[in-house]
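Asker: Any chance you could fold what I've pasted below:
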Amino acid sequence: MGAFTHLGDRYGPYQPGTSDLADLLRAKSGSTSRRGRRGRSSSGVEEEKSDVDDAMTHVVEAFRFLHARVSTLEARVSTEDVPLDGAAWLAPARELEGWVEPLVSLVTARTTGGEVLHADCGEGALISALTQRGVPAAGVEPRGGVALRALERGCDVTISEIGEYLPQRSAASLGGLVLSGVVDRLPLHAILPLLAASHRALARGASIVIVAEPLGPLPGNAPASQDMVDRAALHLETWELLLDRSGFVDVTPVPAGTGGDQRFGVAATTPAT
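Answerer: Residues are numbered from 1 along each chain as shown. Take a look at the predicted model:
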């Protein structure tokens with residue numbers, strides 16, 4: 001960057017055919033054509049060559065730096081930790097069950113009028129309940145067989161991971177977002193960009209609701225799912241902090257669902273202005 005800045009300071013901003021460097025090259029070319037290689041004065045040639053070589057030295061140096069930087073980034077990407085592919089099959093999300101009615105009441109009271117999205121939506125219980133209340137709702141579910149059962153119920157469901165689906169949504173196109181299941185199988189470094197994508201996709205004043213499993217191992221989980229899935233295992237206070245740092249406001253806990261469900265919830269909204 002310093003090399004490019006030096007070029008800009010010395011020769012002006014790059015404008016093809018109109019920069020000082022282009023004038024210098026044209027002058028050198030004209031001098032060569034008029035007098036020939038042997039007819040040029042040594043002092044003139046050396047002066048022109050010095051200016052051109054000086055400029056090209058900075059160009060080459062800048063590209064050397066860019067090459068080194070790109071090589072470093074490529075090396076980091078190739079070794080970057082990523083969530084295990086197929087984690088949804090190893091640790092399938094529980095249905096919302098007793099959380100459906102509390103979430104319906106919360107979402108209908110806070111929706112801005114746009115479509116409400118649920119991921120992982122499972123068999124679509126929340127989507128059906130919201131639709132019956134007149135709230136447009138859709139779901140995202142990575143397990144094809146489970147998504148098929150939701151589709152058979154008449155739910156609008158996309159078979160995908162929410163992290164791949166949200167970037168395809170237009171900015172401020174959602175009236176609400178409920179995240180359950182997916183937040184329990186993503187590591188922290190994957191949750192942060194998910195919250196950023198959620199903030200972008202939600203309309204102003206729209207709500208996001210997180211329903212997360214308790215910190216301890218889930219009863220009845222197979223050993224493979226416990227060993228291979230890097231669960232986030234975050235406290236409620238951590239979720240509140242992450243939502244606040246991601247630009248959400250009015251971060252508040254959500255009352256637990258019925259039936260002794262140990263999961264906890266937290267809600268927040270995007271700034272209205």
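Asker: Please count neighbours and contacts with C-alpha atoms only from this point.
Answerer: Noted.
Asker: the longest strand in this protein is where?
Answerer: strand 202-212 (DSSP state E).
Asker: Show me what that strand packs onto, helices and strands only.
Answerer: helix 100-110, strand 174-180, strand 264-269 (3 or more Cα pairs under 8 Å, 6 or more residues apart in numbering; DSSP states H and E).
Asker: Excluding sequence neighbours, find me the nearest residue to residue 126.
Answerer: Among residues not flanking residue 126 along the chain, residue 100 sits closest, at 5.6 Å (Cα to Cα, 6 or more residues apart in numbering).
Asker: so what's the one you found scoring on pLDDT?
Answerer: Per-residue pLDDT puts residue 100 at 95.
Asker: quick one: the strands in the stretch 1-150 of the chain?
Answerer: 115-119, 137-141 (DSSP state E, counting those that start in this stretch).
Asker: Which residues belonging to the last one are considered buried?
Answerer: Neighbour-count burial for strand 137-141 flags 137-141 (criterion: 16 or more other Cα atoms under 10 Å).
Asker: Of the helices and strands packed on strand 202-212, which stretch is the most buried?
Answerer: strand 174-180 (a mean of 25; mean count of other Cα atoms under 10 Å).
Asker: CA atoms only for it, dumped as PDB, please.
Answerer: What follows is strand 174-180, C-alpha atoms only, in PDB (Å, rounded to 0.1, in the frame of the first residue of the first chain):
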ATOM      1  CA  LEU A 174     -37.500 -10.500   7.400                       C
ATOM      2  CA  GLY A 175     -40.100  -9.500  10.000                       C
ATOM      3  CA  GLY A 176     -38.700 -11.900  12.600                       C
ATOM      4  CA  LEU A 177     -36.300 -14.700  13.100                       C
ATOM      5  CA  VAL A 178     -36.300 -17.700  15.400                       C
ATOM      6  CA  LEU A 179     -33.100 -19.800  15.800                       C
ATOM      7  CA  SER A 180     -33.200 -23.100  17.500                       C
END
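Asker: Give the pairing partners of it; include direction for each.
Answerer: strand 115-119 (parallel), strand 202-212 (parallel) (DSSP bridges).
Asker: TSV for those strands, including distance to residue 27 and mean pLDDT?
Answerer: Listed next are the strands paired with strand 174-180 as TSV, based on distance: least, Cα to Cα, whole Å; pLDDT from 0 to 100:
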stretch	distance to residue 27	mean pLDDT
strand 115-119	64	97
strand 202-212	58	95
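Asker: Make CSV from those and add mean neighbour count to it.
Answerer: As requested, the strands paired with strand 174-180 are arranged in CSV below (neighbours: other Cα atoms under 10 Å):
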stretch, mean neighbour count
strand 115-119, 24
strand 202-212, 24
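Asker: so where's the stretch 1-150 of the chain uncertain?
Answerer: Residue ranges of the stretch 1-150 of the chain with pLDDT under 70: 1-22, 24-25, 28-53, 80-92.
Asker: If anything else comes up later, I'll come back, but that's it for now.
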